[in-house]
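Q: how would this look folded up:
(chains A and B)
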Amino acid sequence: MSNEFSDVPDHTRRIILKGAAGLAAFGFTAGALTSAHATADAKAWPADAFKQKSEADALKALYGKSAEASDKVNLDAPEIAENGAVVPIAVATTMPGVTGIAIMVLENPYTLAAAYKIPEGTEASVACRLKMAKTSKVVAIVEAGGKLFSATKEVKVTVGGCGG
Amino acid sequence: MASTIRVRAIASGDTTQVQSLINHPMDSGFVKDSKGQIIPPHHIEVVEFEHAGKVVFTCLWGPAVSKDPYVKFSFKGGKKGDDIKVSWVDNKGQSDSTVAKIQ
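A: Here you go, the predicted model:
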């Protein structure tokens, strides 16, 4: 158990242990302690990419390159979304070697909405629900074999989901 | 405390489909409350799905993901009765995790 964290610096280890203790205090069993190394880690979040306001900047911050359009990227989004607060979006592709999927809403305050990491053995298909401030192009990005491919679809929004 | 995570994983053949719903306000930081005060951003940043000691799916979410977020994906290798572990952490450092059995 103790050598589980031997490859991380001491202060990181302390943070991890502290987090685990916090979890336990919230009523989790001791089992949470043994698997604490595998819980979601906020450090993995690309804060910079989520602050960008254009497609090109967000792509650069997230993947460090630009994308080319491809008809193998399948973006499933409604033509008209009545409620911008909940817009169902699905992205799938038949390409091999997919390592990531990202979804961008170009007219939102921040372009990047969500990014997904696809390890080997997981299918290149994801469905989720996003907020859209107004009618906008939605761009699906697929990272496959070190390259980026995209598909774009315009979604009309009748009631925005980001305003007050 | 009830878990904030609802997860359903169904194995069919060699593929396991996972659907998950998490209770979370996902405040974007752009919405004002009834007094005109901006509600500060409060949203999930990372969600991890783990099966047999291996991370099978990672979500990186911004404030544009809807309230009480839903996500669906599939992976190969899971079988009935296996554990699938879900954990999330948000921008305020709150977190939760749960373990579900594949059906």
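Q: pretty sure B:A9 contacts B:K85?
A: No: using C-beta atoms under 8 Å, B:A9 makes no contact with B:K85, being 10.6 Å away. All C-beta spots, glycine's among them, are computed from the backbone N, C-alpha and C.
Q: for chain B, list the residue farthest from the centre, please.
A: Largest separation from the mean C-alpha position in chain B: B:K35, at 31.1 Å (C-alpha atoms, centre = their mean).
Q: and B:P63, what is it in contact with?
A: B:P63 makes contacts with A:50, A:110, A:131, B:26-30, B:41, B:43, as judged by C-beta atoms under 8 Å, 6 or more residues apart in numbering or on different chains.
Q: go with 7 Å
A: By C-beta atoms under 7 Å, 6 or more residues apart in numbering or on different chains, the contact set of B:P63 is A:110, B:26, B:28-29, B:41, B:43.
Q: any idea which element it lies in?
A: For B:P63, there is no enclosing helix or strand under DSSP states H and E.
Q: excluding its backbone neighbours, what's nearest it?
A: B:S28 (3.8 Å; C-beta to C-beta, 6 or more residues apart in numbering or on different chains).
Q: tell me how many other residues crowd B:H42.
A: 16 (other C-beta atoms under 10 Å in any protein chain shown).
Q: tell me the spacing between A:L59 and B:D90.
A: Counting by C-beta to C-beta, to the nearest Å, the gap from A:L59 to B:D90 is 25 Å.
Q: other SSEs contacting the strand ranked longest in chain A?
A: As assigned by DSSP state E, the longest strand anywhere in chain A is strand A:147-159. Here strand A:147-159 touches strand A:68-69, strand A:73-76, strand A:80-83, strand A:136-144, going by 3 or more C-beta pairs under 7 Å, 6 or more residues apart in numbering or on different chains; DSSP states H and E.
Q: and among those strands, the most buried is which?
A: strand A:136-144 (a mean of 23; mean count of other C-beta atoms under 10 Å in any protein chain shown).
Q: residues contacting that strand, please?
A: So strand A:136-144 is in contact with A:55, A:59, A:63, A:67, A:73, A:75, A:77, A:89, A:91, A:93, A:95, A:97-108, A:124, A:148-155, going by C-beta under 7 Å, 6+ apart.
Q: can you give me the helices for chain A?
A: Taking DSSP state H, the helices of chain A run over residues A:10-25, A:31-34, A:55-62.
Q: lowest-confidence stretch among those?
A: Sorting the helices of chain A by mean pLDDT places helix A:31-34 lowest, at a mean of 40.
Q: you'd agree B:V18 is in a strand?
A: Yes: the assignment for B:V18 is a strand, going by DSSP: H, G, I helix; E, B strand; the rest coil.
Q: so what's it bridging to?
A: B:A9, B:F73 (DSSP bridges).
Q: again with the one 4 residues further on
A: Beta-bridge pairing for B:I22 (DSSP bridges): B:I5.
Q: for the residue positioned nearest the centre of chain A, what are its contacts?
A: Geometric centre of chain A, nearest residue: A:A115, 2.0 Å, by C-alpha atoms, centre = their mean. Contact analysis of A:A115 by C-beta under 7 Å, 6+ apart lists A:62, A:100, A:102, B:60.
Q: which one of those residues is nearest to A:K43?
A: Closest approach to A:K43 among the contacts of A:A115 (C-beta to C-beta): B:L60, at 11.5 Å.
Q: how many other residues sit next to that closest one?
A: 22.
Q: just the element for it, please.
A: Assigned by DSSP H and E, B:L60 falls in strand B:54-61.
Q: is that strand up against chain A anywhere?
A: Yes: Strand B:54-61 lies within reach of chain A by C-beta under 7 Å from any C-beta of the partner chain, at B:55-61.
Q: quick one: buried ones out of the residues you listed?
A: Listed as buried from these are B:56-61; burial here means 16 or more other C-beta atoms under 10 Å in any protein chain shown.
Q: identify the bridge partners of the nearest residue to A:T99 once chain neighbours are set aside.
A: Leaving aside its sequence neighbours, A:T99 sits nearest to A:E143 (C-beta to C-beta, 6+ apart; 5.1 Å). Counting by DSSP bridges, A:E143 is bridged to A:G100, A:L148.
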